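Q: Show me how the following folds:
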Amino acid sequence: MNIIISNSSNKPIYLQISDQIKTLILEGKLKEGDMLPSMRNLALELRISFMTTKRAYEELERDGFIESYTGKGSFVKAQNAELFREEQIKAIEALLAEAGERAKKIGLNADELHELLNLVTEGE
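A: Reported below is the predicted structural model:
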């Protein structure tokens with residue numbers, strides 16, 4: 001599993017891990033039933049604390065992305081279509097918020113921003 005930890009990020013390491021695993025699941029790169037690396041192996045691979053990976057996996061389990069079984073490991077859980085849609089909408093909202101902030105910085109008004117959105121989605 002290719003997870004990248006950024007020391008310059010304001011986001012805690014456990015959230016960086018859980019967010020990247022969520023993305024892999026939502027993009028279909030990790031599928032229902034796929035086994036995740038053990039917490040210990042992931043900690044060794046990333047050169048971080050076992051407790052950090054444990055916290056990331058607990059976050060993923062709490063959010064309904066994985067299931068963990070003592071002695072067997074952690075597996076990608078079947079995704080609820082509505083949960084998947086909500087996660088995607090949240091991601092789009094974050095991107096649009098960033099676009100809105102950038103637009104404000106250069107003096108682009110809402111109509112111009114809307115026109116840009118129409119241009120980039122026109123062929124779809």
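Q: just checking, what packs against the longest helix belonging to the chain?
A: In the chain, taking DSSP state H as the definition, the longest helix is helix 81-105. Counting contacts by 3 or more CB pairs under 8 Å, 6 or more residues apart in numbering; DSSP states H and E, helix 81-105 is packed against helix 13-26, helix 110-121. Glycine gets a C-beta too; all of them are placed from N, C-alpha and C.
Q: Out of those, which gets nearest to Ile3?
A: Closest of the helices and strands packed on helix 81-105 to Ile3 is helix 13-26, at 5.0 Å (criterion: CB to CB).
Q: In this structure, which residue is most central in space?
A: Asp19 (3.2 Å; CA atoms, centre = their mean).
Q: among the helices and strands packed on helix 81-105, which is the most enclosed?
A: helix 13-26 (a mean of 19; mean count of other CB atoms under 10 Å).
Q: tell me the contacts of Ile106?
A: Going by CB atoms under 8 Å, 6 or more residues apart in numbering, Ile106 touches no other residue.
Q: How much space separates it from Leu113?
A: 10 Å (CB to CB, to the nearest Å).
Q: before we move on, the earlier item: now do the residue nearest to the centre of the chain against Gly100, distance only.
A: Asp19 is 21 Å from Gly100, by CB to CB.
Q: same deal with Lys72?
A: From Lys72 across to Gly100, the span is 45 Å (CB to CB).
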